[in-house]
Every structure is written in C-alpha cells, then in structure tokens.
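1. Need coordinates for the following:
(chains A and B)
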Amino acid sequence: MNADVLLANLPALLIAVPLFGAFMTPVFGRFLPKIRDAWVILASFAASAVALLLAAQVYAKGAVVYVFGAAPGTGAVPVDSGGIPIRILFNIDGFGAFMLVSAAIVSFAVILYLTVSQSRRSSRSEFYALYLLLVAGVFGMVSTGDMFNFFVFLEINSLAASALIAYHRNGGLAAEGALKYLIVNTVGGLMILFAIGLLYAQYNSLNMAVIASSLSLTTLNLLALVLFIAGLATKAGAVPFHFATPDAYSVAPSGVTALMIVASQAGLYGMFRILFSVYGGVFTSATVGWIVIVLGVLSMFIGVTMAIPQKDIKRLLSYHAVSQTGYMLLGVGVALAVLGDVTLTNAFGQMAMEGGLFHIINHAMYKGLLFLAVGAVIYRTGVWNLNEMGGLGHKMKWTMIFFLIGALAIAGIPPFNGFASKLMIYESTFAFNPAIAIIAMVVSILTLASFMKVFHSVFMGPELPEYAGVREVPKRMLAGMAILAVFVIAFGLVPDLVVDTLITPAADALLHQGQYILSVLGGGL
Amino acid sequence: MIGTLVTGFGFWNPLIWIIVIAVALLFSWLIWRCGEADYDEENTETTAPYLSGNAEPEKGAVHIRAGNMYWGFTKALSAYYNRLTPLHSGIVNDYVSWFLIGVVILFVVVVLV
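-> Predicted coordinates for the structure are as follows:
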C-alpha cells in the first residue's frame, strides 16, 4: 500500500482509525497494559493526523467527495442508479474541513491530559475506547453527506458521551447527569430521525445534495426543519434546549467535558449544514434567520446570567458554554437572515457568518483549556466548590497561567482569540441590528465579571492551610493545556491568517449551496 | 501587515495593540521610577494597610470567597433569578417538556410568520 492509496482513502481512514483504536484499546488493556496508554495516545494522534491531512487536501484541491464501495473515479452517481447517489458518501468541503481541524486539535490535546488525569481510576481501557468512539462520532458527523449516516454518527456521539459522563460514578451524580443527557439527546435524535424520514418519504433519497436540489418550502418540510433545529440545538446546548447540558458537563471528567464542547459543536455543524446546504435555496424570508438569532441571544444572556451565581466551578463553566454557543448562533443567524440579499450579505452577512464560525474554533480551544485547567485544580484538591478554594496560584502557577489565558480569551480581551471573533460578530451584528450587538457586548462584560470571580476565588489570595500539600499537576497534563493555550494565543495574534485559511472557505461553503450540490451530483439530476 | 483583520467596518491588529500597551507600560514604569525610592520598604507604615485603625487580620482570614462576590448583582436581579433558577429543576421530565414546548413554538413561528 503506497502513500497515494492512503491519501485517496483518507475519508474512510477518518472513521476507521479511531474505531480501530477504540476496539483495540481493551485488547491492549488486557494483554499489554503497560503500553495501553501509549497506544491510546498513538491512536488519537493518528486520527488527528488523518483529519488534518484530509483538511489540508480540501484546502488545496477543494471539496472531497468519497463514495463508499464505489470504484475509484466512478463518481457519486452510478450510471444505472437513475441519477441518484445510492451509496453512502462523505462530502468534506471547507466547512467540514474547518470542523475537522478543530476536533483534531482538541481531541489530541485532551487525550494527553486524560491519560494522566485518569491514571488513578479503574477500567481505563473501556474509558479510552469510549473516548475514541466519541472522536469517531464527531469526525463522522462533520464529514458525511448522507442524512441517515449523520444520524448514526450523532447517536454514536451521544451514546459515547453519555457513557463517558457516567463513567466515574461520583456518588450517583455522574450517572444522573449522564441519564439526563442521554434522554434529552435521544428525544432530540428521534426528532431528527423523524425529520429525515419526512424528507426521505418525499424525495426518495437520504443524500443531502439530492434533497437540497429538489426541496421546496412546504409545511411538511418546514416541520422537518423545525425538528432538525430543535434536535440539533439540543445537542449544541442552545436555550431553551440547554437544560441537560450544565447537569451533564458539570459531573463529567474534565477532559471529557473539553471534548464534549467539540461534540456539541458537531450539533451546531449539523444545524448550519441543514439550514444553508439543504434548505438554503428555498428561504423566502428572514424568519428562520431570526429564529436562530433569538436562540443565540437567549443562549448568550441566560447562559451568562445563570453562570454568575454558580458556586460549583464546573457548573459555572458549563453555563458559559451555553452562553458562548449563543455568539455562534447569533453570527450565523445574522448571515441566514440576509441570505437572499446579495448586497446585505456582502455588506455584513458574510462577516457575521465568519465571526460565528471563527468563534466555534476559538471556543473549542479556550473552553477546552478552561475545563482542563479546572480539572487540574480538582485533580489536586478534590474540590468543586468555589467557596472552598483560594490561594492555589502559589502552588499551581502553570495551571493558573493557562486558566488566565482561557479566561481572558472567553471574556473577549485582546489580544486573545475570543476578541477577534467577537469583534467580527459585534460589528456585523451592529450593522444588522444595533440592539442585539449591545446585548452581545453586555454579555461579554458579564463573562469577564464571572471569570474575575473564578480567577480570584481559585488562584488569588493567601495560601490556605488546607491546600498546603497541593502541587502542580504532572507535565503531560500541562502539555495538553499548553497545546490549547498556544492556539488561543496564536489565533489571537494572527486572526487574519486563520480567517483567510480556515474561516472564509468554511463560510463560502455554507453560503454557496450550489457548489455543495454540484460537488456531489456534478451535472446530474 | 501581518495580523491585520479587516472587519468590513474597520480593522484590528493585535500587534499594534501590543506595541501600544508596551509603550503605555514603559511610560508607567518611567513615572513609577520618578517616585520616592524608599516608599516600598517593608515593615514600615508606608506599606501597612489602614483599616480604620483596626488591627490587620491574619493573611488566611482576608481571602474573599466566591460567595461574597456579586451578591448585590444577584440581589438586584432577584426577580429575574427567582423565575429563571427554578426552571433548571434537574428533573428530566421538565427538560423534555421544554423541548416539546420549544418545538411547538418554533413550528408555529415558522409556519405563521
């Protein structure tokens, strides 16, 4: 097997590598436990490398369409299929590649951290196997061009995440949080399945491009759209579908929560893919765009105001995750509201879209970093309650620095990455509706206030006697945090390069529905 | 110039921002250098906190805990919090109900508006 064959089959390897890694991990755990952790890190590294190589391929040559089971060069639509792409296919365009980059970086950083932070726990082989399954679920969701396939990966994502949340029982709280997450996401998933069924019944295809090319704005299709939005907003943790999110995030192992941020963003990916690539050609008014904007504003405001009074540090971060999701919905919602108007799209719609998408990858980096830093504090102190913490900066200097970087980034303080994406959202939203932009800025101020409280409560003040024995976490945990911190700083220092390289291709992929359809069907149908 | 993000309404360059901050810090340092050289001597009254004549408490007793912060904020918004907090009941039946309510509202808005 030469390199060309490997490169030609990267989309298949994207799923095969993490799955193989997952299923082999318990085998290593049983027969070669001493190298099990090294195997997990290697598998995660290989999965991330495949994702990054595939993304590089997309940025170099354009969208990659990979048809499973088809001979090379035969295209997505077989000659004798009646013009319908009957096989499952992956369609990775600029948007999918962008999500792969985000997931690849975070998943590798987190596994470095987890292999140490979980070292005192039992049954780690199955834990790591579930982690790699979650990675496979995320990679599949952001790559597939088939609706039912998307649902399958969504379920892999939700089931693996639920199992990981519940993995360490934590007096029953973890199991309770996982059960809530599982039930709510299963209800959301079933609504998505129902929506897929509604479209399949009408268009005889599960392929997103085929459905997009034939879709019309009927009441039935609007019902399907609403079910998609509700189900995927649940996965993303957007208000008012967010209730299980803080309950689950706050009790999961911190490394898992960091990856669950990416997993929830795969839900956002699905929502934006459906809104733009499938339904984008049929919207005749700004109604759906306004719905996304309202979901965004509610998420921003309710998320941050619920975060401020929290005393459980992870629950506080979880509400901030809800709040930050609101920024993404706001930016992309503004773009959707002006989708049919070329003048407004060029004036501020594309910028709003790019701001929202930029915030996705920024949030994955800094919120992942924050969860890892907080996990490090809990790893050393065993304490979740902010009221019981203090003075830890004396003993955990690196953790404090990493937390500070993440906190400044999430609050939108320059020159960190959160500022750049928030600036794009503020300015474009201000052109659309100044009142909404002001709300977004107020939320950012409240976010800063909230993180001042956390930073002061955990790290500042005199050394407390109960933490006299606390010391810095092991180097590999610091390395996981350092990787994310580097991206938080780098994305903030050269935002133009990130926007030009990653964000604009992603926004273009969403805004130009015709290209998405053409990449699969060519001149077909 | 590297780092310049054009937003459509202006631009943002973090490198320029860092240079401005560095210059501001330099000026701050220069002003600080012009101050009294012996002001920071330890164990003198110049550095002791003045607490209305009361004795300074032990170091460990002066840490302000998280629960002491933003009490006024949440108190001022108590009407808001008294309605919002109970909605996050922790009961999964409530969560699923909210999901269904959300679906119905979205459908009505999408179809009627």
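2. helices or strands up against the helix or strand containing A:Ile489?
-> In the assignment (DSSP states H and E), A:Ile489 maps to helix A:475-493. Judged by 3 or more CB pairs under 8 Å, 6 or more residues apart in numbering or on different chains; DSSP states H and E, helix A:475-493 is in contact with helix A:94-117, helix A:350-381, helix A:397-410, helix A:417-432, helix B:14-33. Where C-beta positions appear, they are placed from N, C-alpha and C, glycine not excepted.
3. Out of those helices, which is closest to A:Arg273?
-> Ranking these by distance to A:Arg273, with CB to CB as the measure, places helix A:94-117 first at 7.1 Å.
4. Near chain B, which residues of the stretch 151-300 of chain A are found?
-> Residues of the stretch 151-300 of chain A found near chain B (CB under 8 Å from any CB of the partner chain) are A:179-180, A:183-184, A:187-188, A:191, A:219, A:222-223, A:225-227, A:229-230, A:233-234, A:240-241, A:243-244, A:246-247, A:285, A:287-288, A:291.
5. Narrow those to those that are buried.
-> A:179-180, A:183-184, A:187-188, A:191, A:222-223, A:225-227, A:229-230, A:233-234, A:240-241, A:243-244, A:246-247, A:287-288, A:291 (16 or more other CB atoms under 10 Å in any protein chain shown).
6. one step back: quick check: angle from the helix holding A:Ile489 to helix A:417-432?
-> Helix A:475-493 runs at 40 degrees relative to helix A:417-432, counting by axes from the mean of the first three to the mean of the last three CA atoms, to 10 degrees.
7. What residues does A:Thr287 make contact with?
-> Contacts here follow CB atoms under 8 Å, 6 or more residues apart in numbering or on different chains; on that basis A:Thr287 touches B:109-110, B:113.
8. Make CSV from the residues you listed and add pLDDT and neighbour count to it.
-> Compiled in CSV, the contacts of A:Thr287 are given as follows (pLDDT from 0 to 100; neighbours: other CB atoms under 10 Å in any protein chain shown):
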residue, pLDDT, neighbour count
B:Val109, 95, 15
B:Val110, 93, 18
B:Val113, 76, 11
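9. so which of those are also by chain A?
-> Answer for the contacts of A:Thr287 near chain A (CB under 8 Å from any CB): B:109-110, B:113.
10. now, among the residues you listed, which is nearest to A:Phe108?
-> Of all those, A:Phe108 sits closest to B:Val110, with 39.9 Å by CB to CB.
11. With adjacent residues omitted, what lies nearest to that closest one?
-> Excluding its sequence neighbours, the residue lying closest to B:Val110 (CB to CB, 6 or more residues apart in numbering or on different chains) is A:Leu222, at 5.1 Å.
12. quick one, what contacts the one you found?
-> Here A:Leu222 is in contact with B:107, B:110-111 (criterion: CB under 8 Å, 6+ apart).
13. before we move on, what about A:Gly391?
-> Listed by CB under 8 Å, 6+ apart, the contact set of A:Gly391 reads A:459-464, A:467, B:63.
14. Please tell me the pLDDT value assigned to it.
-> Looking at A:Gly391, its pLDDT reads 93.
15. From the residues of the stretch 151-300 of chain A next to chain B, which land in helices?
-> Among these, the ones falling in helices (DSSP state H) are A:179-180, A:183-184, A:187-188, A:191, A:219, A:222-223, A:225-227, A:229-230, A:233-234, A:244, A:246-247, A:287-288, A:291.
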